[in-house]
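**Student:** Here's my sequence, what's the structure:
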Amino acid sequence: MSKSLTPSPLRRALQKYVDARHAAMIEARRELKIGELDARALLFIADNPGARPTQLRQYLGITSAGVTTLIDRLVEREAVRRDVDPDDRRVNRITVTVDLGELPWSALQRFDNDFDRAVAAGDREHTAHFARTLDDFTAAVASMARAS
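**Tutor:** Predicted coordinates for the structure are as follows:
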């Protein structure tokens with residue numbers, strides 16, 4: 001059994017970020033009265049307009065029945081709509097119908113937007129260097145995981 005290492009200051013900082021973002025998402029979901037999967041689905045569909053239910057299912061890692069129920073809930077709430085794919089009438093395309101930039105829906109992205117504003121106010125060179133370094137560390141960890 002390997003000995004657990006003391007967390008690095010960088011890992012601690014990243015965990016604080018993750019915890020703060022998670023808390024903000026919980027508050028946003030509470031404000032909107034939606035569940036975690038619904039929130040994740042809305043953000044995915046907003047980033048992928050016209051997504052197919054199978055793409056959403058794969059992203060969320062849920063069953064076909066689960067994604068159908070989820071989409072039904074969001075359609076009933078008038079947060080998304082289903083459109084028939086003009087190229088394949090057997091397939092639906094899902095599109096967000098609410099403006100995620102406007103209240104109350106903007107609560108889902110409030111933390112990320114505030115974070116991006118804080119980053120934009122910082123030193124660009126330092127931020128770019130940090131982003132490259134974090135990408136390098138992430139790639140190294142993924143490589144180690146594949147090798148083991």
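
**Student:** quick one: the helices in this structure?
**Tutor:** For the chain, the helices defined by DSSP state H occupy 9-32, 36-47, 53-60, 64-76, 110-120, 124-147.

**Student:** Show me which residues of the shortest one are buried.
**Tutor:** Within helix 53-60, the residues that qualify as buried by neighbour count (16 or more other C-beta atoms under 10 Å) are Pro53, Gln55, Leu56, Arg57, Tyr59, Leu60. All C-beta atoms are positioned from the backbone trio N, CA, C, and that covers glycine.

**Student:** same deal with stretch 115-132?
**Tutor:** Within stretch 115-132, judged by 16+ other C-beta under 10 Å, no residue is buried.

**Student:** Report the rounded mean pLDDT for it.
**Tutor:** Per-residue pLDDT over stretch 115-132 has a mean of 94.

**Student:** circling back to that earlier point, now flag whichever of the buried residues of helix 53-60 is closest to Ala28.
**Tutor:** Leu60 (17.7 Å; C-beta to C-beta).

**Student:** Hmm, that closest one is touching Ala39, no?
**Tutor:** No - taking C-beta atoms under 8 Å as the definition, Leu60 is not a contact partner of Ala39, at 10.9 Å.

**Student:** any weak-confidence spans in the chain?
**Tutor:** Within the chain, the ranges that satisfy pLDDT under 70 run 1-2.

**Student:** Distance to Ile94 added to the helices of the chain, as TSV?
**Tutor:** Below are the helices of the chain laid out as TSV (distance: least, C-beta to C-beta, whole Å):
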stretch	distance to Ile94
helix 9-32	18
helix 36-47	5
helix 53-60	7
helix 64-76	6
helix 110-120	22
helix 124-147	30
